[in-house]
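S.K.: missing the sequence, but the structure's below:
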């Protein structure tokens, strides 16, 4: 993980939002029903054999960024 302090802050904000809105029928986190710690764990397992450079190259060559000029 590149920025663990920022991730922890973001995950805390999400957890606080979920806790404060338990009464709401559709109370979703940033990634829907999966909360950030679960999403991170899945990504770490899926991309465990890649370096940060390889991950950056992969994310810039897949998805909506492919047709964008950056």
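M.R.: The structure has been received and is ready for your questions. All values reported here derive from a predicted model rather than from experimental measurement.
S.K.: report all helices and strands that the lengthiest helix in the chain contacts.
M.R.: For the chain, the longest helix by residue count, based on DSSP state H, is helix 4-20. Counting contacts by 3 or more CB pairs under 8 Å, 6 or more residues apart in numbering; DSSP states H and E, helix 4-20 packs against helix 36-46. (Each C-beta comes from the backbone N, C-alpha and C, glycine too.)
S.K.: now the element after the helix it packs on, going C-ward?
M.R.: With elements assigned by DSSP states H and E, the helix or strand that comes after helix 36-46 is helix 52-60.
S.K.: contacting residues for residue 50?
M.R.: Going by CB atoms under 8 Å, 6 or more residues apart in numbering, residue 50 touches residue 58.
S.K.: phi, psi for the residue lying closest to residue 58 once chain neighbours are set aside please.
M.R.: Using CB to CB, 6 or more residues apart in numbering and skipping residues adjacent in sequence, the residue nearest residue 58 is residue 50, 7.1 Å away. The phi/psi pair for residue 50 (degrees, to the nearest 10) reads phi -110, psi 150.
S.K.: fine, thanks again, bye for now.
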